[in-house]
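Colleague: Okay, predicted coordinates and the sequence, questions at the end:
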Number of protein chains: 2
Amino acid sequence: MTLKELSDLLGLSPTTVSRALNGYPEVSEATRKKVAAAARTHGYAPNTRARALATGRAMAIGHVIPISAKHEMVNPIFADFTAGAGEVYSRNGYDMLMSVVSDDDEEQAYRSFATKRNVDGLIIHAPSLNDGRIPFLNDLGLPYVVHGRSSNATAPYAWVDVNNTRAFQRATELLLDLGHQRIALLNGLEHMDFAARRRAGYEAALASRGINPDPSLMFSGEMTEAQGHDLTRSLLARPDRPTAILVSSIIMAIGVRRGIEELGLTLGRDVSLITYDDDLSYFRNGTDIPVYTATRSSVREAGRRAAQMLIDIINGKDSPTELLLEAELTLGMSTGPARRD
Amino acid sequence: MTLKELSDLLGLSPTTVSRALNGYPEVSEATRKKVAAAARTHGYAPNTRARALATGRAMAIGHVIPISAKHEMVNPIFADFTAGAGEVYSRNGYDMLMSVVSDDDEEQAYRSFATKRNVDGLIIHAPSLNDGRIPFLNDLGLPYVVHGRSSNATAPYAWVDVNNTRAFQRATELLLDLGHQRIALLNGLEHMDFAARRRAGYEAALASRGINPDPSLMFSGEMTEAQGHDLTRSLLARPDRPTAILVSSIIMAIGVRRGIEELGLTLGRDVSLITYDDDLSYFRNGTDIPVYTATRSSVREAGRRAAQMLIDIINGKDSPTELLLEAELTLGMSTGPARRD
DNA sequence: CGTCGAATCCAAAGCGGTTTGAGGGGTTAT
DNA sequence: ATAACCCCTCAAACCGCTTTGGATTCGACG
């Protein structure tokens, strides 16, 4: 069913039918009703491609999902972020176009979005401290929103981020208040902006209590369960082992727990743990009492906010283009006072 | 840069340029080279929308991601499946269009894909035993591939699935061989096809050893960490507690482990556990020795296969439209012989 | 009764490609 | 020299929609 067929059926011109359906004022309310009814009964909806061609707007947002070439790993928060963003897109009539590429040719993917003109905007993930995509996209001239920030970027850009520094500072302070002095940090890759900020928060909290951060207690790497486990095992095997561990991802925290328990120790009593919690839908941190004490911020909500910001930008609204979400610190069963040796 | 601009630049007609770029034989090799070079240096790529309109092919595949309305939960395997499918799409020049909808109006989403003609095919997930989407999509006339099967479907359809029955039968047999008699099953929602098949496999194995399945050991529900934990706690509190647990998801298995250890028991010694493992990239089951004994099948590979099958169907190749993958049973550290009481 | 304006509706020109059907130029056979 | 033929190339139509710039109708007003 095309517009022309529908208009023939109604004895109207395509113009009128198009206007009726798109809510233009030049058409009488009576015809509008008639047209709308006919469209519904005949199951007519405008062909997206034709409409996009005519309007110059693709009504689609692009997401590039880079796959770490070496580890073949998908970022686990991606599903939830996507779900949040997707909600907002649907509500606003946008499609979500996803491009899965190995992280070497990510730029190529953006360029291709731009030249093929099949999206109106982009969301980019996981920025590094000095992310080359920002100047690149500024040149490209396609609106975009960054999920996260890039501290060393010079050009302005729109972003939605969590206050990672504050979150880790507060978490560290809580551990210090509980009497912990040797606190390990199992962080993500620190060339990533979020990880660098988390470390800064951790160090700031230590510094404010006059404690020098001990490099041998700080780790930066892929946030996998296995990493969490292995690092914990080696940390706890040391004579000067830490009494508390600060972890950047709940998945890693699961590995930490396994490591602790393999040694016959008890989480929250022998060793304390605070983790960052993205509030992933398939891995909720307990139902009533949280399993882990955590700094939590919903990545799905971040997805919603980023999507809305991008749509606003595309539509030329001049709403704010920077949004800093705060994480909440929730007490769970993985923390307790430091024990005297 | 449009085709016309490029052709003006080259002093050729749009026709010739288009043919040159699309590999038609009517154009000389010399011009083809020249055109290709110019396209590259000027960064020209055909506008997807215009091309789609002209050819009648969208060069895009639709995925509908239903969000469980009550639990706001995204299927955790979705990210990895998507990553696998996306690889194949990129390689074949297809885009991936994702539509996130509440699971009530999923049909509406398919219908909208069909009438708006912005995809050439669909992949559908998580079929139930008698999935209404299959007859619906057969009517709709848009090619599709099902990830999973729908046992009670009458009409034919293309699918990629894992042999869930065999996987759970073998897992149960292994536990029986280890001397376990009381084996609990923590399954997914059994109106879902995969869960029904897993249960059938479990029951078949018990039956072949003359054991009557005990309904009080069988559970069907959302496969969350919390569920795994809570069910394990209540199972192990019983006087006639099971000595082994069969679990449908590695995420749930993590909860089971937590429950076991909270009771001061040891996994693999006091209680055995076998889990289904989708080989999720962000939750690999151990590095060298698997943490959990598991029936494993890569959902990412399933994504690749399903995508390839769909593309073949769209292109009218008559390759097979049914694919049953086998899961491998890998021995990890969560199983051991049943202990005499 | 003629004129004006508002209210409707329409024809036609794009949007940026692909594709059909035909034409132009250069070789070779007659 | 002409015809026959092969290569290349092109003009124009078309895909399905939006949108500009009229055209038409009708009631109101002077």
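Modeller: Nice, I can see it. Computed from a predicted model, the values in this text were never measured in an experiment.
Colleague: contacts, neighbours, all on C-alpha from now
Modeller: Noted.
Colleague: in the stretch 151-300 of chain A, which spans are strands?
Modeller: A:158-162, A:183-187, A:218-220, A:244-247, A:272-277, A:293-296 (DSSP state E, counting those that start in this stretch).
Colleague: With the stretch 1-150 of chain A instead?
Modeller: Going by DSSP E, counting those that start in this stretch, the stretch 1-150 of chain A shows strands at A:60-67, A:95-102, A:121-125, A:144-147.
Colleague: per-residue confidence at A:Arg182?
Modeller: On the pLDDT scale, A:Arg182 is placed at 97.
Colleague: and A:Arg340, what pLDDT?
Modeller: pLDDT, A:Arg340: 67.
Colleague: ok, now A:Asp103?
Modeller: pLDDT, A:Asp103: 81.
Colleague: Disregarding residues adjacent in the polypeptide, which is nearest to it?
Modeller: A:Pro66 (4.7 Å; C-alpha to C-alpha, 6 or more residues apart in numbering or on different chains).
Colleague: What of A:Arg49?
Modeller: What sits nearest to A:Arg49 in space, not counting adjacent residues and going by C-alpha to C-alpha, 6+ apart, is B:Arg49, at 5.1 Å.
Colleague: on that earlier part again, give me every residue that touches the residue nearest to A:Asp103.
Modeller: A:74, A:100-103, A:106 (C-alpha atoms under 8 Å, 6 or more residues apart in numbering or on different chains).
Colleague: low-confidence ranges in chain A?
Modeller: For chain A, applying pLDDT under 70 flags the ranges A:340-341.
Colleague: That one against DNA strand D: which residues are in contact?
Modeller: For chain A, the contact set with DNA strand D under C-alpha under 7 Å from any atom of the strand comprises A:1-4, A:14-16, A:18-19, A:22, A:45-48, A:50-51, A:53-55.
Colleague: Show me the domain layout of chain A.
Modeller: A:3-46, A:60-162+A:300-325, A:164-297 (automatic domain parsing).
Colleague: For the ones you listed, give me TSV that also has distance to DNA strand C.
Modeller: Converted to TSV, the domains of chain A look like this (distance: least, C-alpha to the nearest atom of the strand, whole Å):
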stretch	distance to DNA strand C
domain A:3-46	4
domain A:60-162+A:300-325	8
domain A:164-297	37
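Colleague: I'd like these written out as JSON lines, with distance to B:Leu10 added.
Modeller: Below are the domains of chain A laid out as JSON lines (distance: least, C-alpha to C-alpha, whole Å):
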{"stretch": "domain A:3-46", "distance to B:Leu10": "36"}
{"stretch": "domain A:60-162+A:300-325", "distance to B:Leu10": "19"}
{"stretch": "domain A:164-297", "distance to B:Leu10": "45"}
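Colleague: Tell me which of these sits nearest to B:Ile245.
Modeller: domain A:164-297 (18.5 Å; C-alpha to C-alpha).
Colleague: and the residues of chain A next to DNA strand D, which are buried?
Modeller: If you count burial by 16 or more other C-alpha atoms under 10 Å in any protein chain shown, the buried members of those come out as A:3, A:14, A:16, A:18, A:45-48, A:50-51, A:53.
Colleague: can you tell me which residues contact the residue nearest to A:Arg49?
Modeller: Applying C-alpha under 8 Å, 6+ apart, the residues near B:Arg49 are A:49-50, A:52-53, A:58, A:117-118, B:58.
Colleague: Go through the residues you listed and flag which are in helices.
Modeller: Among these, the members found in helices (DSSP state H) are A:49-50, A:52-53.
Colleague: Of those, which is the nearest to B:Ala184?
Modeller: Once C-alpha to C-alpha is applied, the member of these that ends up nearest B:Ala184 is A:Arg49, at 52.7 Å.
Colleague: what separates that closest one from B:Asn92, distance-wise?
Modeller: 20 Å (C-alpha to C-alpha, to the nearest Å).
Colleague: and if you look at A:Arg238?
Modeller: In terms of C-alpha to C-alpha, A:Arg238 sits 52 Å off from B:Asn92.
Colleague: Look at the two and report which has more neighbours.
Modeller: B:Asn92 (12 against 9; other C-alpha atoms under 10 Å in any protein chain shown).
Colleague: if I look at the nearest residue to A:Pro242 once chain neighbours are set aside, how far off is A:Arg339?
Modeller: Spatial nearest neighbour of A:Pro242, chain neighbours left out: A:Arg182 (4.7 Å); criterion: C-alpha to C-alpha, 6+ apart. Here A:Arg182 is placed at a distance of 12 Å from A:Arg339 (C-alpha to C-alpha).
Colleague: Determine the residues that are contacts of both of these two.
Modeller: A:Thr243.
Colleague: Give me the more crowded residue out of these two.
Modeller: When A:Arg182 and A:Arg339 are compared for neighbours, A:Arg182 comes out ahead with 20 against 12, by other C-alpha under 10 Å.
Colleague: Backbone dihedrals for that one, both of them.
Modeller: phi -100, psi 100 (degrees, to the nearest 10).
Colleague: Am I right that it is in contact with A:Thr243?
Modeller: Yes: shown here, A:Arg182 and A:Thr243 form a contact pair, counting by C-alpha atoms under 8 Å, at 5.9 Å.
Colleague: can stretch A:73-88 be found next to chain B?
Modeller: Yes: contact of stretch A:73-88 with chain B (C-alpha under 8 Å from any C-alpha of the partner chain) involves A:73-76, A:78-80, A:83, A:86-87.
Colleague: Check the offset of stretch A:177-189 from the chain's centre.
Modeller: 24 Å (C-alpha atoms, centre = their mean, to the nearest Å).
Colleague: which residues sit against it?
Modeller: Under C-alpha under 8 Å, 6+ apart, the answer for stretch A:177-189 is A:172, A:175, A:195, A:198-199, A:217-223, A:228, A:241-248, A:336-338.
Colleague: Return the members of these classed as buried.
Modeller: Members of the contacts of stretch A:177-189 classed as buried by 16+ other C-alpha under 10 Å are A:172, A:175, A:195, A:198-199, A:217, A:219-220, A:222-223, A:228, A:241-248, A:336-338.
Colleague: of all the contacts of B:Arg49, which comes closest to DNA strand C?
Modeller: A:Leu53 (4.5 Å; C-alpha to the nearest atom of the strand).
Colleague: and the closest one, what does it touch?
Modeller: B:49-50.
Colleague: Just put the ones in helices among the contacts of B:Arg49 in JSON lines and tack on distance to B:Ser208.
Modeller: Output for the ones in helices among the contacts of B:Arg49, formatted as JSON lines (distance: C-alpha to C-alpha, whole Å):
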{"residue": "A:Arg49", "distance to B:Ser208": "57"}
{"residue": "A:Ala50", "distance to B:Ser208": "60"}
{"residue": "A:Ala52", "distance to B:Ser208": "61"}
{"residue": "A:Leu53", "distance to B:Ser208": "63"}
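Colleague: any idea which of those residues is closest to A:Leu122?
Modeller: Distances from A:Leu122 to the ones in helices among the contacts of B:Arg49, taken by C-alpha to C-alpha, are shortest for A:Ala52, at 16.9 Å.
Colleague: Look up how far chain B lies from that closest one.
Modeller: 7 Å (C-alpha to the nearest C-alpha, to the nearest Å).
Colleague: same check, this time on A:Glu107
Modeller: Taking C-alpha to the nearest C-alpha, one finds A:Glu107 at 14 Å from chain B.
Colleague: I'd say that residue and A:Arg133 touch.
Modeller: Yes: counting by C-alpha under 8 Å, A:Arg133 is a contact partner of A:Glu107 at 7.3 Å.
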